[in-house]
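*Asks:* what follows is a predicted protein model with its sequence.
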Amino acid sequence: QKKLLVLCGAGWAADIMDLQVMAFLLPTLQVQWDEPQSTLSLAPSATFVGMLIGSLVWGVASDRVGRKPAFTATSMWAGTFGMLCASSTGIGSLVLWRFLMGFGLGGNLSVDFSLFMEFVPSNVRGKFTTILTVFATLGSLTTAVLAWAVLDSWGWRAYVLLCSAPGILVGVARSFMEESPHFLAAQG
């Protein structure tokens, strides 16, 4: 349970980092790309549209192919497309990458929580859920610290890469965990 808590929590922290990166990034892009805020707001909006679709698709996928593959793939997906945001040369490519990243994030959040609850006994679920949400706060704090430390000195592309890389690392770590006993029992 503790290993799973760390794997799910790290995924939540990585997700929050990918979500909050835009709050620190938009002012920089507004100046560098000479785009109005209303146009740049399409990027975070695309993220949330992707999350909506991703939560539905990945939830069904985890029921069909297993929790472990979805648990690993959602994190790798979000991390990969989050890092590709650093290659954006304008609002069009940024919106595309953010939408695709959001597709992974939506799946990650829904699959993580479902999987986590399957492993945690019902008498301690409240306690473990509270601990799990602390990781999201750590992700927010890390994003802010990285913005302060990196954004002005290394540039926005390095900042985006650093904020999205944890998703890849979490995905690799998740590939070593076992399948959910609940899923295996349901498969017969």
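*Replies:* Received the coordinates, thanks.

*Asks:* next SSE after the helix or strand containing Ser153?
*Replies:* Remark: Ser153 resides in helix 152-154, with elements defined by DSSP states H and E. Downstream of helix 152-154, the next assigned helix or strand under DSSP H and E is helix 156-174.

*Asks:* name the helices or strands packed onto that following helix?
*Replies:* The criterion is 3 or more C-beta pairs under 8 Å, 6 or more residues apart in numbering; DSSP states H and E, and the helices and strands that helix 156-174 contacts are helix 2-32, helix 67-84, helix 91-119, helix 125-146. Heads up, the C-betas are built off the backbone N, CA and C, glycines and all.

*Asks:* kindly reformat these as JSON lines containing mean pLDDT and distance to Ile53.
*Replies:* Conversion of the helices and strands packed on helix 156-174 to JSON lines gives the following (pLDDT from 0 to 100; distance: least, C-beta to C-beta, whole Å):
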{"stretch": "helix 2-32", "mean pLDDT": "92", "distance to Ile53": "16"}
{"stretch": "helix 67-84", "mean pLDDT": "93", "distance to Ile53": "12"}
{"stretch": "helix 91-119", "mean pLDDT": "91", "distance to Ile53": "6"}
{"stretch": "helix 125-146", "mean pLDDT": "92", "distance to Ile53": "21"}
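
*Asks:* can you redo those as CSV with mean neighbour count and distance to Leu56?
*Replies:* CSV is the format used below for these (neighbours: other C-beta atoms under 10 Å; distance: least, C-beta to C-beta, whole Å):
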stretch, mean neighbour count, distance to Leu56
helix 2-32, 20, 17
helix 67-84, 24, 12
helix 91-119, 23, 8
helix 125-146, 15, 21
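
*Asks:* for these, which one sits closest to Ser180?
*Replies:* Distances from Ser180 to each of the helices and strands packed on helix 156-174 were compared by C-beta to C-beta, and the smallest falls on helix 67-84, at 4.1 Å.

*Asks:* count of neighbours near Phe176?
*Replies:* One way to gauge burial is a neighbour count; for Phe176, by other C-beta atoms under 10 Å, it gives 10.

*Asks:* next one: it from Leu4, what distance?
*Replies:* When C-beta to C-beta, to the nearest Å is applied, the distance between Phe176 and Leu4 equals 12 Å.

*Asks:* count of residues packed around the residue nearest to Leu25 when sequence neighbours are not counted?
*Replies:* Closest residue to Leu25 in three dimensions, ignoring its sequence neighbours and counting by C-beta to C-beta, 6 or more residues apart in numbering: Trp156, at 5.8 Å. Here the number of neighbours of Trp156 (other C-beta under 10 Å) works out to 22.
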